[in-house]
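**Student:** the sequence and its predicted three-dimensional model are supplied below.
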Amino acid sequence: MKNALVWLRRDLRLFDHAALHHALASAETVYCAFIFDRAILDALPSADRRVEFIHDSLTSLAAELEAAGGHLIVLHNIAEKAIPELAAELGVEAVFANHDYEPAAIARDAAVGAALRAAGRQLHTFKDQVIFERDQVLTQGGQPFSVFTPYKNAWLRKLEAEPSVLSPWTVEPGSAHQRGRFAPGRSTLPALEALGFERTRLRELGIGNGPALFEDFLGRIADYGVARDYPALKGPSYLSMHLRFGTVSIRHLVRTVMTMSARGAAGEGGAVWLSELIWREFYMQILYHHPHVVDSAFKPAYDRIEWESGAEADELFAAWCEGRTGYPLVDAAMLQLNRTGYMHNRLRMVVASFLCKDLGIDWRRGEAYFALHLNDFELSSNNGGWQWASSSGCDAQPYFRIFNPVTQSQKFDPEGKFIKRYLPQLAGLSPKEIHLPRDPIVDHDQARKRTLERYEVVKK
Ligand SMILES: Cc1cc2nc3c(=O)[nH]c(=O)nc-3n(C[C@H](O)[C@H](O)[C@H](O)COP(=O)(O)OP(=O)(O)OC[C@H]3O[C@@H](n4cnc5c(N)ncnc54)[C@H](O)[C@@H]3O)c2cc1C
């Protein structure tokens, strides 16, 4: 093949990249493009950390590509239209991209593929953002898994049988044999403001460099199994945004942790962390096989639940969003989300449970709020997390298990250090007082009873 176009989407790196590797192996000259897709961007507020993160990542990527003699084409358009037009303009024979498993992305890619084929071009796509995708891990009966532990066991067995899936898809833009392979030119990345967005305080968060975060995490991974549950500690990896946008390689992460574990250097934490990466793929395959979860409960009976609605519910929802529930841990968690775009996993479970089971508000409203504010928003994990908390999901927590926001606080933020970070006005309170509700918008014990009644319908 003479010319190919690599369409970058959620894989913003120039190393271990399946589509780029295959394009370089198949074509003499390779173009690279990213489309700021107006079908997604036009609905977002002008200050959006994700758009800024993408912009920063593309700035580095464009510089790297130029250093290797290539350039990055960046457009602000509807991707479905822009890619076939660009392919025609460049006269490429094929477009290369990595798989995306979200229903809207699958529809977009089908439309792009059809338009390209109608013009005599090809769309070649590859697995890249996961270790196992789609139908690769199934039950012995050939069905998708809906329970995590057997999925995880089957996933691990498959990896043991096929260790080559962890091999990197090499791309060496600076190397002698790839020199001159990228089409030369000037990158066309517009300023963030020209795209209609403004800078946020993203850079102050110190999460910009994925590989450096991973290095830092490897020094702490042995303690991850315990430390991950305490929001005041630096326990988790903070890599979720990088996994979302592909600024790290999943193969590299898994390979590194498995090698460390084999040497006995990852402690108990290594296996726990690997499990979390498998949860990510578990929810991706759930979304892929059961796209109805985007709007409905995984377990249909749970769509019979009558959630609170009307002005009073709207006021309770606003208090939750703004961190004004009167439950210190819930409020500190919501402030963490609003100020940084990150929320600790334990707190995501606590606030999600609080919304559905203390306030009686539909999980979909919380899911949508998270989708707008989370830096690492991932449709599959966010939906999976919310359906887990509301008990409507596959392998979810039973509906009668209702987190107590006070005991969660006592257990996981015993000295109130996390709470005080976001609610400095409570700094003077003792570890005993700090967890107690102050002017709560709801009484937990009464809410618990109402929730058990509300959920009665799922038994019928
Ligand atoms: C209600 C709710 C909503 C959530 N929404 C999202 C979301 O939109 N995007 C997202 O990436 N994660 C989501 N999670 C999962 C989890 O909270 C985050 O992945 C994690 O907090 C990210 O921080 P980290 O990178 O430091 O995680 P680490 O603890 O270091 O974990 C490493 C990676 O494993 C994956 N992972 C960890 N926990 C989970 C999990 N429970 N489910 C799926 N993948 C997981 C993530 O990719 C994460 O980056 C949600 C959880 C809940 C309960």
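**Tutor:** That came through, no problem.
**Student:** OK, contacts around whichever residue of the stretch 1-150 of the chain sits closest to the ligand?
**Tutor:** Closest to the ligand within the stretch 1-150 of the chain is F148: 9.5 Å, counting by CB to the nearest ligand atom. The C-beta positions use only the backbone N, C-alpha and C, and glycine is treated the same way. Residues counted as contacts of F148 (CB atoms under 8 Å, 6 or more residues apart in numbering) are I278, W279, F282, D395.
**Student:** quick check, pLDDT for it.
**Tutor:** Per-residue pLDDT puts F148 at 98.
**Student:** cool, and the one 3 residues further on?
**Tutor:** The score at Y151 is 98. That number is its pLDDT.
**Student:** identify the residues contacting it.
**Tutor:** Contacts of Y151 (CB under 8 Å, 6+ apart): V137, F145, I278, F282, Q285.
**Student:** how far away is it from A47?
**Tutor:** Distance of Y151 to A47, given as CB to CB, to the nearest Å: 38 Å.
**Student:** could you do A104 as well?
**Tutor:** For A104, the distance to A47 - CB to CB - is 23 Å.
**Student:** just S353 next, same as before
**Tutor:** Distance from S353 to A47, by CB to CB: 29 Å.
**Student:** same thing with L329?
**Tutor:** For L329, the distance to A47 - CB to CB - is 27 Å.
**Student:** now the strands for the stretch 101-250 of the chain?
**Tutor:** Secondary structure of the stretch 101-250 of the chain (DSSP state E, counting those that start in this stretch): strands at 122-126.
**Student:** the ligand contacts on that one?
**Tutor:** R228, P236, S237, Y238, L239, S240, L243 (CB under 6 Å from any ligand atom).
**Student:** make sure the fourth one is actually in contact with G210.
**Tutor:** Spelled out, that is Y238. No: if you go by CB atoms under 8 Å, Y238 and G210 don't touch, sitting 9.4 Å apart.
**Student:** higher neighbour count, the two?
**Tutor:** G210 (24 against 20; other CB atoms under 10 Å).
**Student:** quick check: closest non-adjacent residue to that one.
**Tutor:** Spatial nearest neighbour of G210, excluding adjacent residues (CB to CB, 6 or more residues apart in numbering): H242 at 3.5 Å.
**Student:** ok, G113 - contacts?
**Tutor:** G113 sits in contact with L123, where contact means CB under 8 Å, 6+ apart.
**Student:** repeat that with 10 Å
**Tutor:** Applying CB atoms under 10 Å, 6 or more residues apart in numbering to G113 gives the contacts I83, P84, V95, A97, R121, Q122, L123, H124, T125.
**Student:** hmm, T29 is touching V6, no?
**Tutor:** No: using CB atoms under 10 Å, T29 is not in contact with V6, being 11.3 Å away.
**Student:** who touches both of those two?
**Tutor:** With CB under 10 Å, 6+ apart as the test, T29 and V6 both reach A23, V92, F182.
**Student:** run through the residues that contact A266.
**Tutor:** For A266, the contacting residues are L218, I221, A222, Y224, T256, V257, M258, T259, M260, V272, W273, L274, by CB under 10 Å, 6+ apart.
**Student:** now the nearest residue to it once chain neighbours are set aside: which helix or strand?
**Tutor:** Distances taken as CB to CB, 6+ apart place M260 nearest to A266, at 4.0 Å, with adjacent residues excluded. Using DSSP states H and E, M260 sits in helix 250-262.
**Student:** got the buried residues for that helix?
**Tutor:** Buried residues in helix 250-262, defined by neighbour count with 16 or more other CB atoms under 10 Å: I250, R251, H252, L253, V254, R255, T256, V257, M258, M260, S261.
**Student:** using CSV, list the CA coordinates for that helix.
**Tutor:** Below are the C-alpha coordinates for helix 250-262, written out as CSV (Å, rounded to 0.1, in the frame of the first residue of the first chain):
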residue,chain,number,x,y,z
ILE,A,250,-2.5,-1.4,28.9
ARG,A,251,-0.1,-4.1,27.7
HIS,A,252,2.9,-2.4,29.3
LEU,A,253,1.0,-2.0,32.6
VAL,A,254,-0.1,-5.6,32.8
ARG,A,255,3.3,-6.9,31.6
THR,A,256,5.2,-4.9,34.1
VAL,A,257,3.0,-5.9,37.1
MET,A,258,3.1,-9.6,36.1
THR,A,259,6.8,-9.5,35.7
MET,A,260,7.2,-7.9,39.1
SER,A,261,4.7,-10.3,40.7
ALA,A,262,6.7,-13.3,39.2
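**Student:** can you tell me which helices and strands the one helix or strand I40 maps to packs against?
**Tutor:** If you go by DSSP H and E, I40 is part of helix 38-41. Judged by 3 or more CB pairs under 10 Å, 6 or more residues apart in numbering; DSSP states H and E, helix 38-41 is in contact with helix 49-67, strand 72-77, helix 79-90, helix 103-118.
**Student:** I'd like these laid out as a markdown table, including distance to K357 and mean pLDDT.
**Tutor:** Compiled in a markdown table, these are given as follows (distance: least, CB to CB, whole Å; pLDDT from 0 to 100):
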| stretch | distance to K357 | mean pLDDT |
| --- | --- | --- |
| helix 49-67 | 29 | 97 |
| strand 72-77 | 42 | 98 |
| helix 79-90 | 39 | 98 |
| helix 103-118 | 28 | 98 |
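**Student:** among the ones you listed, which comes closest to D439?
**Tutor:** In terms of CB to CB, the element of these nearest to D439 is helix 49-67, at 31.0 Å.
**Student:** show me what the closest one is packed against.
**Tutor:** strand 3-8, strand 29-37, helix 38-41, strand 72-77, helix 240-245, helix 363-373.
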